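Trainee: Sequence first, predicted coordinates after that:
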Amino acid sequence: MNALSVRAKLMFLYFLVTLTGLLLFGVMSFGVLQFTLLQAKRTHLQGREDRLISLLNENRASRNPVNLEEELKNYALVTHEGNLFDLQELNGRPIFPLASPGRNWSLPKEEDCVQPVFRSAILDPRPAMVMCHVILLDGHPVRLHIGGSLDEEVEILRKYRNALLLLMPGLLILSSICGYLLSSRALRPVDRMTRAALGIGIGNLSERLPMPRAKDEIQELAIAWNQLLARLEAAVSRLSQFSADASHDLRTSITVILATAQLSLHRRRSEEEYREDLSKIVTECRTASTLLDALLALAQSDNFVHEVAFKEINLCELLVSGCRRVEDLAEASDIMLDWYLPAEPAFILGDELLLQRLLGILLDNAIRYTPAHGEIRAEVILAPDGAVVTVRDTGVGMSEDVRQHVFDRFYQADLRERKTQAGNGLGLSIGRWIADAHGAALTVESQEGRGSVFQIRFPISSQVHSTMLQAMQ
């Protein structure tokens, strides 16, 4: 069943529904028709009983009453199915006809026939319905049996049954064909969407799936897929742009390394010149390594969420460690780097390695985009609802449009205008992921030409939080 197509499944479903409906309709309609015919036959037998009793009463009231047996013989000759009746005393002695033709009119002993009792019987040898009822004849109770042939009713039921059996296969075949046609028509938009989707590749992500006119689930599916294609197109566009920029930066670094090494090999130089060349090569290698590390971290970040090892960390010690790692870089760029700590330590739950990476990203960006003679200030601030790490610089800042996209993957602001500040568009997106993994909020405030302020607001566990509140009081 799972291997069948949707059309085949829908056709099979239509077939089962139609078959079930036809069976229910056939059984119920056949039962209703049978009940109606038998009820009509009971009414007919009761009418015959009333006419017979009326005839006997009229005969008794006449001046020249006819003999009972003669009267009943005449009634049997002129009445339709008139011979299908007899009279018996309550003890079973026949009254009419005296010479019984051998019909089995007897009822179960528990039936006294005070009220009309109906049952099926085989008479001469046809199916019939027999009514047994105790009536008064000349003031004496007698048992009256009246029979009625069921040939006509049986024939009607037989023809109706045969009609149902003949019509059912045709209706099932018709319903299966209609089910297949309806499913094909209903899935026609899906076929068009499938053909369109097969024609969309990495080179034409701007194409979209056709939108059905009907506002149904298929239209919602088309909208969802088109939105997915739009997001994919935007991501691929950013990735392509980043790949081109990253390739240029890597090629530049490799070219510089290769040229410096070749010049050093082909020309004699002093020790100081060799050291200067090696320093240049080291710098370029670090630039390329930083870019490759960022790419690797970004590729793996979606899989690291469940591997974060939380433990209690002193945020003040973490800040001091992070600042000391980059103080030489800040000094080489002629930038003043200071850090400020609260009087009391601030403890949080987190992964030390990831938090070192987050702090390193913020400090590296601050150094990268702060000109010479600038200032960077990092500090830990205790707040009633947590601890806040702030990295403030006096760098170039950013516009409002840049600030809204600064945490997007592969986003680089004015990359081609800032060749000396080579970036990769990955650091802050990785930083946002690390902050999210710790339940922290990473935000930025900035103005062009006036620097930027990055803040990480960490939540604190209830026990550590109460201790901090007591210390602050």
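Mentor: Looks like it arrived, so ask away.
Trainee: Surely residue 336 is in contact with residue 330?
Mentor: Yes - when contacts are counted by CB atoms under 8 Å, residue 336 is listed as touching residue 330 (7.4 Å). (Glycine included, C-beta is placed from N, CA and C.)
Trainee: Just the helices from the stretch 301-450 of the chain, written as ranges.
Mentor: For the stretch 301-450 of the chain, the helices defined by DSSP state H, counting those that start in this stretch cover 315-332, 352-368, 400-405, 427-437.
Trainee: Now do the longest one: distance to the chain's middle.
Mentor: Okay, so that is helix 315-332. How far helix 315-332 lies from its chain's middle: 50 Å, per CA atoms, centre = their mean, to the nearest Å.
Trainee: do the second one as well
Mentor: Using CA atoms, centre = their mean, the distance from the centre of helix 352-368 to the centre of the chain it belongs to is 41 Å.
Trainee: now that helix: mean pLDDT?
Mentor: Average pLDDT, helix 352-368: 85.
Trainee: so what sits against both of residue 336 and residue 330?
Mentor: residue 376 (CB atoms under 8 Å, 6 or more residues apart in numbering).
Trainee: Quick check on the two: which one has the bigger neighbour count.
Mentor: Shown here are residue 336 and residue 330; by other CB atoms under 10 Å, residue 330 has more neighbours (21 against 13).
Trainee: and the more buried one, how far is that from residue 375?
Mentor: 10 Å (CB to CB, to the nearest Å).
Trainee: For residue 11, see how far away residue 19 is.
Mentor: Distance check for residue 19 against residue 11: by CB to CB, it reads 12 Å.
Trainee: So if I had to pick from the two, which one is more boxed in?
Mentor: The neighbour comparison of residue 19 against residue 11 (other CB under 10 Å) goes to residue 11, with 22 against 15.
Trainee: tell me the mean pLDDT for the helix or strand hosting that one?
Mentor: Using DSSP states H and E, residue 11 falls within helix 6-61. Averaging pLDDT along helix 6-61 yields 88.
Trainee: same check, this time on stretch 378-395
Mentor: Taken as a whole, stretch 378-395 carries a mean pLDDT of 90.
Trainee: ends of it, how far apart?
Mentor: Separation of the first and last residues of stretch 378-395 by CA to CA, to the nearest Å is 14 Å.
Trainee: Would you map out the domains in the chain?
Mentor: Per automatic domain parsing, the domain ranges recorded for the chain read 6-161, 217-301, 305-472.
Trainee: Switch the ones you listed over to a markdown table; also include distance to residue 192.
Mentor: Output for the domains of the chain, formatted as a markdown table (distance: least, CB to CB, whole Å):
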| stretch | distance to residue 192 |
| --- | --- |
| domain 6-161 | 15 |
| domain 217-301 | 9 |
| domain 305-472 | 33 |
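Trainee: Looking at those domains, which one is packed in the most?
Mentor: Comparing these on average neighbours per residue, with mean count of other CB atoms under 10 Å, the densest one is domain 305-472 at a mean of 17.
Trainee: Low-confidence stretches in the stretch 201-350 of the chain?
Mentor: Applying pLDDT under 70 to the stretch 201-350 of the chain picks out residues 238-239, 241-249, 252-253, 287, 290-291, 293-308.
Trainee: helices and strands around the helix holding residue 11, which ones?
Mentor: helix 68-78, strand 126-137, strand 140-149, helix 151-186 (3 or more CB pairs under 8 Å, 6 or more residues apart in numbering; DSSP states H and E).
Trainee: Spatially nearest residue to residue 441, not counting backbone neighbours?
Mentor: Computed as CB to CB, 6 or more residues apart in numbering, the closest residue to residue 441 that is not its neighbour in sequence is residue 457, at 4.5 Å.
Trainee: helix, strand or coil for the one you found?
Mentor: Assigned by DSSP: H, G, I helix; E, B strand; the rest coil, the conformation of residue 457 is strand.
Trainee: right, and it touches residue 388 too?
Mentor: Yes - proximity of residue 457 to residue 388 meets the contact threshold set by CB under 8 Å, at 5.1 Å.
Trainee: related to what we said a few turns ago, can you redo the helices of the stretch 301-450 of the chain as JSON lines with distance to residue 36?
Mentor: Shown next, in JSON lines, are those (distance: least, CB to CB, whole Å):
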{"stretch": "helix 315-332", "distance to residue 36": "89"}
{"stretch": "helix 352-368", "distance to residue 36": "82"}
{"stretch": "helix 400-405", "distance to residue 36": "79"}
{"stretch": "helix 427-437", "distance to residue 36": "74"}
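Trainee: Excluding sequence neighbours, find me the nearest residue to residue 193.
Mentor: residue 209 (4.7 Å).
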